[in-house]
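Q: Here's my sequence, what's the structure:
(one chain, ligands or ions: 1)
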Amino acid sequence: MNPVVLALPGNEAVAKRLAERLTLELGRAELRRFPDGESYVRIDGAVKGGSVIVICTLDRPDEKFLPLTFLAATARDCGAARVGLVCPYLAYMRQDMRFRDGEGVTSSYFASAISKCFDWLVTIDPHLHRRASLSEIYSIPAIAVHAATRLADWIREYVPAPLVIGPDAESEQWVSAVADSAQAPYVVLEKVRLSDREVQVSLPKANRWRERMPVLVDDIISSARTMIAAARRFREAGLRQPLCVGVHAIFADRAYEELIAAGVAGVVTCNTVPHISNQIDITDLLEAPIRNLLRT
Ligand code: R5P
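A: Presented below is the predicted three-dimensional model:
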């Protein structure tokens, strides 16, 4: 039977696009809450013997996790032979080691829970910090696709004379790939994170780039403290205010409003997490890996 695509609430547009482009059947999952807060799950249509592809981006993961795993379990219970997960943004990649005694290494626990519910996973630019690949923590085939060329295409098309700027030393490889493809020079900032919402950045000598338009690029904008601190440094150095370009628009609490209020030249993100700043469509990057995984 033709694989069926099911969307968790909020993921309908991506699910529809993928189903159309991959000529898959778009199914319907009914998910709602009972008055006591428990989840109700129903798959409307047959999945017996076939593949099911669940689409769910995983920003605000705690509230999505239980309905997501219930939907996967329901698909299996209704006879699905394989259940894959497409999450344009993959959560729980940060806490990848125990910094203080007694802390939980939640990225491992999350990966292990997802690996038990799904047969494969496709995502975009997971925050692999101290890990080389998803296979270090995911025991299922887990494919990560990269948005760097799409960011670069956007910068090349819309920003005259850009200077690409990475937030920290770890971002250098990624930032240099974006800059290369955008045919622009790049620099990386020195960043120290003091707490979840406190970041210090210092700007290397950027005087020779004074004529260029600074474009800060980052994989995630969460509290936006990194970009806000960088914008402050630019102002202090008498440079132009940066344009902020990110892959995943997490924007915790009022982070977006605070970033705008910091006086940046603009904020542009990819559509891995629905947000007003989404301007770069990267849904099609998911197609080839899904096609390949359906063949295995
Ligand atoms: C860190 O390693 C990431 O690349 C981002 O710089 C970080 O996640 C941004 O977080 P925030 O927006 O909270 O400063």
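Q: does Ala46 count as helix, strand or coil?
A: Counting by DSSP: H, G, I helix; E, B strand; the rest coil, the backbone at Ala46 sits in coil.
Q: ok, it to the ligand distance?
A: Ala46 sits 42 Å away from the ligand, going by CB to the nearest ligand atom, to the nearest Å. Where you see a C-beta, it was placed from the backbone N, CA and C, and this is true even at glycine.
Q: now Arg131
A: Taken as CB to the nearest ligand atom, the span from Arg131 to the ligand is 13 Å.
Q: Around the ligand, which positions in the stretch 151-296 of the chain sit nearby?
A: Residues of the stretch 151-296 of the chain lying close to the ligand (CB under 6 Å from any ligand atom) are 167, 170-171, 199, 218-226.
Q: Which ones among those residues lie within strands?
A: 199, 218-221 (DSSP state E).
Q: Now for Val41: which residues touch it?
A: By CB atoms under 8 Å, 6 or more residues apart in numbering, the contact set of Val41 is 29-31, 67, 70-71, 74.
Q: how about a cut-off of 6 Å?
A: 31, 70-71, 74 (CB atoms under 6 Å, 6 or more residues apart in numbering).
Q: before we move on, what about Ser115?
A: By CB under 6 Å, 6+ apart, the contact list for Ser115 reads 138-140.
Q: now these as JSON lines including neighbour count and distance to Ile250?
A: Below are the contacts of Ser115 laid out as JSON lines (neighbours: other CB atoms under 10 Å; distance: CB to CB, whole Å):
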{"residue": "Tyr138", "neighbour count": "22", "distance to Ile250": "21"}
{"residue": "Ser139", "neighbour count": "11", "distance to Ile250": "26"}
{"residue": "Ile140", "neighbour count": "18", "distance to Ile250": "24"}
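Q: between the residues you listed, which is closest to the ligand?
A: Set against the ligand, the nearest of the contacts of Ser115 by CB to the nearest ligand atom is Tyr138 (20.0 Å).
Q: for the closest one, helix, strand, or coil?
A: State at Tyr138, reduced to three classes by three-state DSSP: coil.
Q: if I look at the most centrally placed residue in the chain, how far off is Val105?
A: Residue closest to the mean C-alpha point of the chain, counted by CA atoms, centre = their mean, is Tyr89 at 3.1 Å. Tyr89 is 20 Å from Val105, where distance means CB to CB, to the nearest Å.
Q: returning to what we had before: out of the ones in strands among the residues of the stretch 151-296 of the chain next to the ligand, who's the most crowded?
A: The most crowded member of these, judged by other CB atoms under 10 Å, is Ile221 (29 neighbours).
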